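Student: Have a look at this prediction, sequence included:
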Amino acid sequence: IVNSYDLRLANRNVVAKFYTIPGFGGTFRAVLPWMAFGASLILSFVFIVFIISVMTGKARALDLAERITRSQRRILDTSKDMIAVLDAQGNWKSMNPASLHVLGYLPHEITVGNIKDLMVHEKDYTDFSNEISVANDESTVRKDVLFKTKSEGDKWINWSFTISRTESLIYAIGRDVTLEKLAEEEARIKRNQIELAEHFAREASQSKSYFMIKLSHQLRNS
């Protein structure tokens, strides 16, 4: 089919002819809207499934993080060891409830002060400061320090300090080793007593030998 149109432009006649083929693409044109509709449905379904999977994955991740947090909180609350955080100057930032069992202080009573306030010997704080200042990032420093308690005298605490230079924080875990220290001291005293007894035995043996030699000499002379 030919369609022609006469156009007059600038005193000239222009003839425009349009050629069409009857029935060209008739079947394809008829199903094209359905194909577009089906493709849009498929894309919409895929997009919805993607959104649901992302939301479900995020929910699972949040639930897992919440369970891990609860687990860590239970560990902090039930641990017999003191788990704390200090800043680079030794000021307490946090403390778990084990401080009440070990030292007799509630966590909020400790976190208002400095680690120096609980150390019996000032030299321990000087050594602590020196070792922390020269320690590498993410390194661990272990020390046995005599700590003051609220009512039960002094206790030996074995501290494990992990230094984080990037956060300017010190993560600490403290374990009560007073009984072990007392056992070591008792063993040391026993060793000293044994050594002293052996020394006295040697002296007694030497005195006995000297007495017998002197007695024999006097008997021979007499």
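Tutor: Received, thanks. Residues are numbered from 1 along each chain as shown.
Student: Return the distance of residue 43 relative to residue 186.
Tutor: Going from residue 43 to residue 186 by Cβ to Cβ, to the nearest Å gives 80 Å. The way it works is simple: take the backbone N, C-alpha and C, and place the C-beta from them, glycine included.
Student: element containing residue 60, please.
Tutor: Using DSSP states H and E, residue 60 sits in helix 26-78.
Student: mind saving the C-alpha coords of stretch 197-204 as CSV?
Tutor: The C-alpha trace of stretch 197-204 is given here as CSV (Å, rounded to 0.1, in the frame of the first residue of the first chain):
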residue,chain,number,x,y,z
ALA,A,197,67.3,-28.2,108.7
GLU,A,198,69.9,-29.7,106.3
HIS,A,199,72.3,-26.8,107.3
PHE,A,200,71.8,-27.5,111.0
ALA,A,201,72.3,-31.3,110.4
ARG,A,202,75.6,-30.6,108.5
GLU,A,203,76.7,-28.3,111.4
ALA,A,204,75.8,-30.9,113.9
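Student: Contacts for that stretch next, please.
Tutor: Outside stretch 197-204, no residue is within contact range by Cβ atoms under 8 Å, 6 or more residues apart in numbering.
Student: tell me the mean pLDDT for it?
Tutor: For stretch 197-204, mean pLDDT is 80.
Student: List the buried residues for that stretch?
Tutor: Residues of stretch 197-204 classed as buried: none (neighbour count, 16 or more other Cβ atoms under 10 Å).
Student: chain center to that stretch, what's the gap?
Tutor: 55 Å (Cα atoms, centre = their mean, to the nearest Å).
Student: Then stretch 208-222?
Tutor: Distance of stretch 208-222 from its chain centroid, counting by Cα atoms, centre = their mean, is 76 Å.
Student: Only alpha carbons, please: show that stretch as CSV.
Tutor: C-alpha atoms of stretch 208-222 as CSV (Å, rounded to 0.1, in the frame of the first residue of the first chain):
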residue,chain,number,x,y,z
LYS,A,208,80.2,-34.2,116.3
SER,A,209,83.2,-35.0,114.2
TYR,A,210,85.2,-32.2,115.7
PHE,A,211,84.2,-33.4,119.2
MET,A,212,85.2,-37.0,118.5
ILE,A,213,88.6,-35.9,117.1
LYS,A,214,89.3,-33.7,120.0
LEU,A,215,88.2,-36.4,122.5
SER,A,216,90.4,-39.0,120.8
HIS,A,217,93.4,-36.6,120.9
GLN,A,218,92.9,-35.9,124.6
LEU,A,219,92.6,-39.6,125.4
ARG,A,220,95.8,-40.4,123.5
ASN,A,221,97.7,-37.6,125.3
SER,A,222,96.4,-38.7,128.7
